[in-house]
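Trainee: no sequence for this one, just the structure:
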């Protein structure tokens, strides 16, 4: 139920709120916040905003033009389930606004998402874009790492890790744990994380995020998924940030740690974020039709746009060097740019559904490192470009794409193999993003520059694998 400003002010009183937490998302998808004592918060905040220093946010303002405004969204109001007793806190998601113009900042991810939704309406194709992401994550008992001049390492502690079979655990090793790549759908005690996920689900529901399902994922040392309901583009990105916040904090409350890294474990499955999407108009699903797998021509053109721009999209949907540890050909990753009904080896899938209302496209190559506002907006803009230019994706791929003859395999394009390659693709192909002023040239240039710094850092790193392969040559 949408909340008005009056509803929010009533929540402050009814819940004896002590602080109002104003939250926004930065360039790289990390939530930031400032907490305002309730005595300093009134209805004027919704009109005048809350000032902050934009120059302190990576990739944003220079110090010479640093003043920015956080504009709280009343519909996002929710109580923080992790606030200590006596520090009752109400959270408000904010968009970032330029004080001089009153418009959304061109590098604010949430403002970009809002502009993408507005652009869809303005061109008359549809009035609503629905998104349903499925971010996977790992829960570990502990983690440590170091990257010094004289050593580099990471170490994962996981009671579910198959390597824990060899630990005595002071004589209390129960021995029930998933095998490597064998974590899908076991019951307890093999799935030892059911209660942790259940707690996450209850707190998500409490914060207004409807949960559809939760389960252990394929990764054998604590990979999990919580499925939440689809919604409109910007709200669904808001919910993704709430999900991450909840997962991290519930894991911590259980004395554990959670990560959305795409590839935290060598030799086991990586974590993706399959993104379901559809366009509607006047209450009708425009993706439903009489074509392949019950799709309309409009849906096929949408797929064509995503495939055409997939390599540029990778810079946004797979935005870390670690993302490409997951997207390696030959290891059941969704690297092949093809579409198919129910075929999970294709990077775009049309799920089987019983109702035309549920007809949708699932893009499988994104991962949960993606800033959800930028990723969903970019996917929509690629799809719109496909619709406007009637980009047909060609024939569907109903074979197992992981096991094709070499000559067939070579004909199917793939996603990028590195972040550097993806950033080059984005630099060369981004006109579809700047259409209608949704993304700006300045924002894209700043994003690419920031991400190239990550590439350089990893390129300069010396890894244990290199010692293993080359030390004695």
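Mentor: Looks like it came in fine. Given the structure is predicted, the values throughout are model-derived calculations rather than measurements.
Trainee: going forward, measure contacts and count neighbours with C-alpha atoms only.
Mentor: Noted.
Trainee: from the contact counts, what lies against the longest helix seen in the chain?
Mentor: Using DSSP state H to define each element, the chain has its longest helix at helix 233-253. In terms of contacts (3 or more Cα pairs under 8 Å, 6 or more residues apart in numbering; DSSP states H and E), helix 233-253 is packed against helix 109-122, strand 128-140, helix 194-206, strand 257-259, helix 372-388.
Trainee: now the element after the last one, going C-ward?
Mentor: What it means is helix 372-388. helix 406-409 (DSSP states H and E).
Trainee: so which bits of that following helix are buried?
Mentor: Along helix 406-409, not one residue counts as buried under the neighbour rule (16 or more other Cα atoms under 10 Å).
Trainee: and it, how far from the chain's centre?
Mentor: Centroid separation for helix 406-409 versus its chain: 32 Å, with Cα atoms, centre = their mean, to the nearest Å.
Trainee: next: stretch 258-275.
Mentor: Centroid separation for stretch 258-275 versus its chain: 12 Å, with Cα atoms, centre = their mean.
Trainee: pLDDT averaged over that stretch - what is it?
Mentor: The average pLDDT for stretch 258-275 rounds to 95.
Trainee: ends of it, how far apart?
Mentor: End-to-end distance for stretch 258-275: 21 Å, by Cα to Cα, to the nearest Å.
Trainee: just the strands in the stretch 201-350 of the chain please.
Mentor: 211-216, 223-228, 231-232, 257-259, 273-281, 284-285, 339-341, 348-350 (DSSP state E, counting those that start in this stretch).
Trainee: what about the third one, average pLDDT?
Mentor: By that I understand strand 231-232. Averaged over strand 231-232, pLDDT sits at 98.
Trainee: that one packs against which elements?
Mentor: Strand 231-232 packs on strand 128-140, going by 3+ Cα pairs under 8 Å, 6+ apart.
Trainee: partner strands of the strand it packs on, with direction?
Mentor: Counting by DSSP bridges, the strands paired with strand 128-140 are strand 223-228 (antiparallel), strand 231-232 (antiparallel), strand 257-259 (antiparallel), strand 273-281 (antiparallel).
Trainee: and those strands as a markdown table, adding distance to residue 169 and mean neighbour count?
Mentor: Listed next are the strands paired with strand 128-140 as a markdown table, based on distance: least, Cα to Cα, whole Å; neighbours: other Cα atoms under 10 Å:
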| stretch | distance to residue 169 | mean neighbour count |
| --- | --- | --- |
| strand 223-228 | 22 | 23 |
| strand 231-232 | 45 | 18 |
| strand 257-259 | 20 | 21 |
| strand 273-281 | 34 | 23 |
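Trainee: residue 83 is nearest to which of those?
Mentor: Residue 83 sits nearest to strand 257-259 of all these, at 18.4 Å, using Cα to Cα.
Trainee: what sits up against the closest one?
Mentor: Contacts with strand 257-259, where a contact means Cα atoms under 8 Å, 6 or more residues apart in numbering, come from 137-143, 247-248, 251-252.
Trainee: please repeat the previous calculation with a cut-off of 6 Å.
Mentor: When contacts are defined by Cα atoms under 6 Å, 6 or more residues apart in numbering, strand 257-259 is touched by residues 137-140, 248, 251.
Trainee: returning to what we had before: just name the most buried of the helices and strands packed on helix 233-253.
Mentor: helix 372-388 (a mean of 26; mean count of other Cα atoms under 10 Å).
Trainee: thinking again about what came up before, may I see the strands paired with strand 128-140 organised as a markdown table, with distance to residue 311 added?
Mentor: Shown next, in a markdown table, are the strands paired with strand 128-140 (distance: least, Cα to Cα, whole Å):
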| stretch | distance to residue 311 |
| --- | --- |
| strand 223-228 | 26 |
| strand 231-232 | 25 |
| strand 257-259 | 25 |
| strand 273-281 | 16 |
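Trainee: so which of the ones you listed gets nearest residue 85?
Mentor: strand 257-259 (22.9 Å).
Trainee: quick one: the closest one to chain centroid distance?
Mentor: The answer for strand 257-259 is 15 Å, by Cα atoms, centre = their mean.
Trainee: numbering from 709 from now on, please.
Mentor: From this message on, residue numbering opens at 709, which makes the last subject strand 965-967.
Trainee: and the contacts of the lowest-mean-pLDDT helix or strand in the chain?
Mentor: Lowest on mean pLDDT, DSSP states H and E among the helices and strands of the chain sits helix 1114-1117, with a mean of 77. The contact list for helix 1114-1117 (Cα under 6 Å, 6+ apart) is empty.
Trainee: repeat that for stretch 742-757.
Mentor: Contacts of stretch 742-757 (Cα under 6 Å, 6+ apart): 726-730, 777-780.
Trainee: pick out the most distant pair among these.
Mentor: Pairwise over these, using Cα to Cα, the maximum falls at 726 and 777, 22.1 Å.
Trainee: neighbour count winner among those two?
Mentor: Set residue 726 next to residue 777 and count neighbours by other Cα atoms under 10 Å: residue 777 wins out with 23 against 18.
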